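S.K.: sharing a model that was predicted from the sequence below.
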Amino acid sequence: QLQVVESGGGLVQPGGSLRLSCVVSGGTLEDYAMSWFRQAPGKEREKISCISRSGTSTFYADAVKGRFTISRHDAHNTLNLQMDSLKPEDAAVYYCAADRYFFCSPNPSHWGQGTQVNVSA
């Protein structure tokens with residue numbers, strides 16, 4: 001069973017940067033399309049970025065386009081999300097998710113536990 005573990009969350013000031021990481025085990029990252037979701041209190045879960053198995057296709061939600069960058073490092077079984085120019089509205093729990101068959105699935109089959117990102121002065 002694939003396990004997914006996120007890290008890298010924390011508190012950052014508006015305009016700052018964070019890099020989230022996601023490590024998979026019990027399987028090989030290259031076999032999975034990967035995504036990042038987030039959920040803020042009182043809001044629905046939001047898909048913010050995806051990357052295909054090959055890494056050649058990516059998706060960004062409008063809210064993060066131009067500020068966030070997704071990347072995968074299959075040799076290290078690691079997915080990253082570089083978040084720049086952070087805004088208070090980016091504060092949420094961020095989830096890494098994996099799906100063996102579908103790029104940018106709305107409900108991937110494997111999920112991490114999430115990492116909290118807070119953006120505040």
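M.R.: Nice, I can see it.

S.K.: ok, now which ones touch the spatially most central residue of the chain?
M.R.: By C-alpha atoms, centre = their mean, the mean C-alpha position of the chain lies nearest to Trp36, the distance being 2.7 Å. Going by C-beta atoms under 8 Å, 6 or more residues apart in numbering, Trp36 touches 20, 22, 47-50, 70, 79, 81, 94-97. For glycine as for every other residue, the C-beta is placed from the backbone atoms N, C-alpha and C.

S.K.: can you give me the neighbour number for Glu46?
M.R.: 14 (other C-beta atoms under 10 Å).

S.K.: how about it, what does it touch?
M.R.: Phe37, Arg38, Gln39, Ala61, Ala63, Ala92.

S.K.: for Leu11, same thing?
M.R.: Asn118, Val119, Ser120.

S.K.: return the member of the contacts of Glu46 nearest to Phe102.
M.R.: The nearest member of the contacts of Glu46 to Phe102, counting by C-beta to C-beta, is Phe37 at 14.3 Å.

S.K.: my guess is that closest one meets Tyr95, correct?
M.R.: Yes. With contacts counted by C-beta atoms under 8 Å, Phe37 reaches Tyr95, the gap being 4.6 Å.
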